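Engineer: need a structure here:
(chains A and B)
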Amino acid sequence: MRNNPANIASAVLTYGFVGLMAFLSIFPFIWMAFGATNSSIDIIKGRLLPGEALATNIANFFTLVNVPLVFWNSAKVTIFATVLTLAVSSLAGYGFEIFRSRHRERLYRAMLLTLMIPFAALMIPLFIMMGKMDLINTHIAVVLPTIGSAFIVFYFRQCTKAFPSELRDAAKVDGLKEWQIFLYIYVPVMRSTYAAAFIIVFMTAWNNYLWPLIVLQSNETKTITLVISSLASAYYPDYGVVMVGTILATLPTLTVFFFMQRQFVQGMLGSVK
Amino acid sequence: MSELQLNGVRKSYGGFEVIKGVDLDIKSGEFVVFVGPSGCGKSTLLRMIAGLEEITFGDLTIDDVLMNDVDPSKRGIAMVFQSYALYPHMTVRENMGFALRFAGVPKAEIQKRVMEAANILELGPLLDRKPKQLSGGQRQRVAIGRAIVRHPKIFLFDEPLSNLDAELRVHMRIEIARLHKQLAATIVYVTHDQVEAMTLADKIVVMRGGVVEQVGSPLDLYDDPANLFVAGFIGSPKMNFLKGMIETGEGGTFARLPDYADARIPISLREATPGTPVTVGIRPEHFKEHGTASLDLTIDMLEHLGGETFAYARHGNGELVIIETKNGRGLKSSDHITARFDPGCALVFDESGKRLR
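Structural biologist: Numbers count the residues shown, from 1 in each chain, chains lettered A, B, ... in the order given. Below you'll find the predicted structure:
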């Protein structure tokens, strides 16, 4: 590429735009990290440099919050939601793609339509349903509505299109039943798809806020998102402590993404190699 | 080794019939090749034998046992797929032993059978590799090995060489022929490549539009095709087809080529009606210097293969005629030639494509 003015201007614009987007993405993290080291007053004043209140903030956070219990609650809800969502949605996606029936597409479209229903419209019926089943203030109530995810079913169905039908035929000739084909062939072959779905579902479940806020009512059952929210909405919120809590709450999702990012990218690009 | 019979086998998808009544008898140890153009139903028929497609009507028996509703794994067949269909997450050893594991075969026996197959196919050094670490030819050998370890009654091959390059295809073709001899196995093989069919088969089944057009040995089909389709499909380059007319005259009944003054093909009157149009088929290699009939042609293009030359020549009416000659090195494009052939080698087909004898 020659260094003519048009090319230089184009490069400046491109890099300028990319730089701005990168800054907008990274800034909240920087603010969170610096905020955790500053006192609440400094944060309110808009200080954007590392401070000396990190130890105090951590100590206060551990004093105010029963950290092991809260993390255990979040972990329990997230792990059950993730495992069950992947199991149910991958089975549904596989079924939608593999088994032909006259009503398959109609049913599938009806399921996709549910993506258009905002959660706000579902909250009250769901709450009543959970109440009737006597599940209010239990983690089961948090997990149950999340496991039939239309988006994850859609994602698995799209990815299953790339699953070679000859593998299924070969497995049938080898004597496998349909459930064995799913378990012994489909699941390992589609592991990148599972990895990508795992990250998406894990993050969604870990960061889930609105539904747990409604359905979890005692401090013993609350998850990390609810606890941080309650810290931030106190009469005199300590933003340093909130920032410490936010960092700790972010760590699991960051760790999961860090260890699975290669599979995540593969899963997003197409999982069968 | 086993016998396989298809009796009036049909397959429909909704109202659309793709296999329109196939009767076939495959003897023990026979190498049978289903050949035909894309969409003719040969793969569907193979999948019906495998149990991967339901049979809409008719009977499929293996060793006189009705197999229509028997599970694929219990039919005593093993199948090799076009795309190899190796399980990507398993090693070669695991791929080959997988079916046996599910059949409850003891580990020691699995190991023994895998090693036997690996020795036959020279796969020993590759046993601990994953499929993605193998070349196309190696993957195909693993796919064949996976079939061998099951000790099937019948091997089914679905276009197994289509994904290989030309050189490897020839090599694997020889391997499969060697394997057939070594195992004395009954093999049903699907291909659209008639060279594969001619070189491998004991018996070729030519299919078109879900119908078996002809069954016979490769040379029977080549020398004595039942119809225009088989005559055109078997042989490379394909048979030349020229427009002709049945006439009677001095010396009996013959098919005359109106556009070629000196070409008359004598045929018996039994199936020929004077005055009806016919198609005359002449194979490229049947053009000989000493032939008694001749065609005046202009060379369009030449293919020099070293040992022989294919001349693509045209008549004034636009008909293309392919001529195989051993003495074609001196020929040039645009040369006018008189191509002579022995009328006794020519075949005559009626308007419906049926062979007139």
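
Engineer: Just the closest residue of the stretch 101-250 of chain B to chain A, please.
Structural biologist: In the stretch 101-250 of chain B, no residue comes nearer to chain A than residue B:102, which is 4.7 Å away by CB to the nearest CB. Heads up, the C-betas are built off the backbone N, CA and C, glycines and all.

Engineer: who touches that residue in this structure?
Structural biologist: Neighbour list for residue B:102: A:174-176, A:180, B:73 [criterion: CB atoms under 8 Å, 6 or more residues apart in numbering or on different chains].

Engineer: One more pass at 6 Å, please.
Structural biologist: Listed by CB atoms under 6 Å, 6 or more residues apart in numbering or on different chains, the contact partners of residue B:102 are residue A:175.

Engineer: Report pLDDT for it.
Structural biologist: The model reports residue B:102 with a pLDDT of 90.

Engineer: Residue A:61 against residue A:244, yeah?
Structural biologist: Yes: assessed by CB atoms under 6 Å, residue A:61 is found in contact with residue A:244 at 4.5 Å.

Engineer: Compare neighbour counts for these two and give me the winner.
Structural biologist: Set residue A:61 next to residue A:244 and count neighbours by other CB atoms under 10 Å in any protein chain shown: residue A:244 wins out with 27 against 23.

Engineer: Could you measure from the more buried one over to residue B:335?
Structural biologist: Using CB to CB, to the nearest Å, we find residue A:244 at a distance of 93 Å from residue B:335.

Engineer: what about the helices in chain B?
Structural biologist: Under the criterion DSSP state H, chain B contains helices at B:42-50, B:92-102, B:107-120, B:136-148, B:166-183, B:194-200, B:218-223, B:228-233.

Engineer: circling back to that earlier point, quick one: the residue of the stretch 101-250 of chain B closest to chain A from residue B:123, how far?
Structural biologist: Going from residue B:102 to residue B:123 by CB to CB gives 21 Å.

Engineer: now do residue A:177
Structural biologist: Counting by CB to CB - residue A:177 and residue B:123 are separated by 29 Å.

Engineer: and residue A:94, what does it touch?
Structural biologist: residue A:160.

Engineer: Near chain A, which residues of chain B? Just list them.
Structural biologist: The interface of chain B toward chain A, taken as CB under 6 Å from any CB of the partner chain, is made up of B:52, B:72-73, B:79, B:81, B:83, B:85, B:88-89, B:98-99, B:102-103.

Engineer: any chance of the residues you listed in TSV, plus distance to residue B:296?
Structural biologist: Converted to TSV, the residues of chain B next to chain A look like this (distance: CB to CB, whole Å):
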residue	distance to residue B:296
B:52	54
B:72	58
B:73	63
B:79	52
B:81	51
B:83	50
B:85	54
B:88	60
B:89	65
B:98	64
B:99	62
B:102	68
B:103	67
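
Engineer: Low-confidence ranges, the chain, go.
Structural biologist: No chain was given, so I picked chain A. For chain A, the stretches with pLDDT under 70 are A:1-2, A:270-273.

Engineer: was after chain B, sorry
Structural biologist: Ranges of chain B meeting pLDDT under 70: B:1, B:251, B:261-263, B:268-271.

Engineer: What residue spans form the domains of it?
Structural biologist: As assigned by automatic domain parsing, chain B contains the domains B:4-233, B:240-356.

Engineer: distance of the residue of chain A found nearest chain B from residue A:253?
Structural biologist: In chain A, no residue comes nearer to chain B than residue A:175, which is 3.2 Å away by CB to the nearest CB. To residue A:253, residue A:175 is 42 Å away according to CB to CB.

Engineer: what about residue B:181, how many residues close to it?
Structural biologist: Neighbours of residue B:181 (other CB under 10 Å): 9.

Engineer: Residue A:195 too?
Structural biologist: Other residues close to residue A:195 by other CB under 10 Å number 22.

Engineer: Same check on residue B:132?
Structural biologist: Neighbourhood size, residue B:132 [other CB under 10 Å]: 10.

Engineer: now residue B:66
Structural biologist: For residue B:66, the count of nearby residues is 12 (other CB under 10 Å).

Engineer: do the one 3 residues further on as well
Structural biologist: Here the count is done by other CB under 10 Å, and residue B:69 has 9 residues near it.

Engineer: cool, and the one 5 residues further on?
Structural biologist: Residue B:74 has 11 neighbouring residues, counting by other CB under 10 Å.
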